[in-house]
Structures are given as structure tokens and as C-alpha cells.
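K.L.:
sequence? don't have it. structure:
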């Protein structure tokens, strides 16, 4: 299943399917209605220590990817996401980071794609 990622600040679309916020912190300035979430799965986000270390610095993204991937291998919330893939034809992972490429949702989507094979 191709996992989609999208900034939570972008308008919801029917093509999003099941919308899952994968940030540990609630997005600034966003109301629950605006977010139009089906699920907030904060447990799948990077640990606070890793998130703080990464600080969305592009020069740390490669190392962040390795560390976050290691965290995902033992994260119990991963099973919940994989189960959702069985129940929904389309899932969009929502995140608040400004960068569309240097963020944990991109790493998570790649990991889920590999795990789903």
C-alpha cells in the first residue's frame, strides 16, 4: 500500500482516505475540526529525545533516519498502523513540520512501505 504523507495544515481531501496525525505534539494553531483527523497516533512519533536532537536540521536527517528506524522496530504502535492498512484502502500520515522531505513522516512512510511488503 502506498502510504501518503501530507502537512496537517494543507486542506483535507477525499483522496486522503483515513487521516492519521503522527506527531507527538498537537500542531500549533490547528483546531480539531480543521485537522479533520480520524486518529491521532502520537505514540508512533520519534521519542522526545530524538525529536529534540534532530531539530529538523537537514544535516542530521540521515542519522535521524537511522535512529528513528531503530525506534520503529520496537514501537508497539506500528502494529496499529499496519492493521489500519488492512482496514482502509488509503491512509494519509499527517505531520506539522515545514519541510515536505526532511521530516519523520517521510521516514515512517518509507518504513511502513517496506514492512507491508
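P.N.:
Looks like it came in fine. The structure presented is a predicted model; accordingly, all values stated were derived computationally and were not measured.

K.L.:
Helices along this structure, start to end?
P.N.:
In the chain, the helices defined using DSSP state H lie at 32-35, 48-54, 61-72, 77-87, 104-115.

K.L.:
Tell me the confidence at the residue of the chain most remote from its centre?
P.N.:
In the chain, counting by Cα atoms, centre = their mean, residue 59 sits farthest out from the average C-alpha position, at 20.2 Å. Residue 59 carries a pLDDT value of 97.

K.L.:
And for residue 117?
P.N.:
Looking at residue 117, its pLDDT is 65.

K.L.:
so where's this structure uncertain?
P.N.:
1, 117 (pLDDT under 70).

K.L.:
go with 90
P.N.:
Within the chain, the ranges that satisfy pLDDT under 90 run 1-3, 85, 114-117.

K.L.:
Pick the most deeply packed of the helices of the chain.
P.N.:
helix 104-115 (a mean of 19; mean count of other Cβ atoms under 10 Å). For every residue, glycine as well, the C-beta is placed using N, CA and C.

K.L.:
quick one: that one to helix 61-72, angle?
P.N.:
60 degrees (axes from the mean of the first three to the mean of the last three Cα atoms, to 10 degrees).

K.L.:
from the middle of its chain, how far away would helix 104-115 be?
P.N.:
In this view, helix 104-115 has its centroid 8 Å away from the chain centroid, taken as Cα atoms, centre = their mean, to the nearest Å.

K.L.:
Compute the inter-axis angle for it and helix 77-87.
P.N.:
Using the same axes, to 10 degrees: helix 104-115 against helix 77-87 is 70 degrees.

K.L.:
Show me what helix 104-115 is packed up against.
P.N.:
For helix 104-115, the elements it packs on are strand 4-7, helix 61-72, helix 77-87, strand 91-95, judged by 3 or more Cβ pairs under 8 Å, 6 or more residues apart in numbering; DSSP states H and E.

K.L.:
would a markdown table of the ones you listed with distance to residue 33 be doable?
P.N.:
What follows is the helices and strands packed on helix 104-115, written out as a markdown table (distance: least, Cβ to Cβ, whole Å):
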| stretch | distance to residue 33 |
| --- | --- |
| strand 4-7 | 17 |
| helix 61-72 | 30 |
| helix 77-87 | 22 |
| strand 91-95 | 14 |
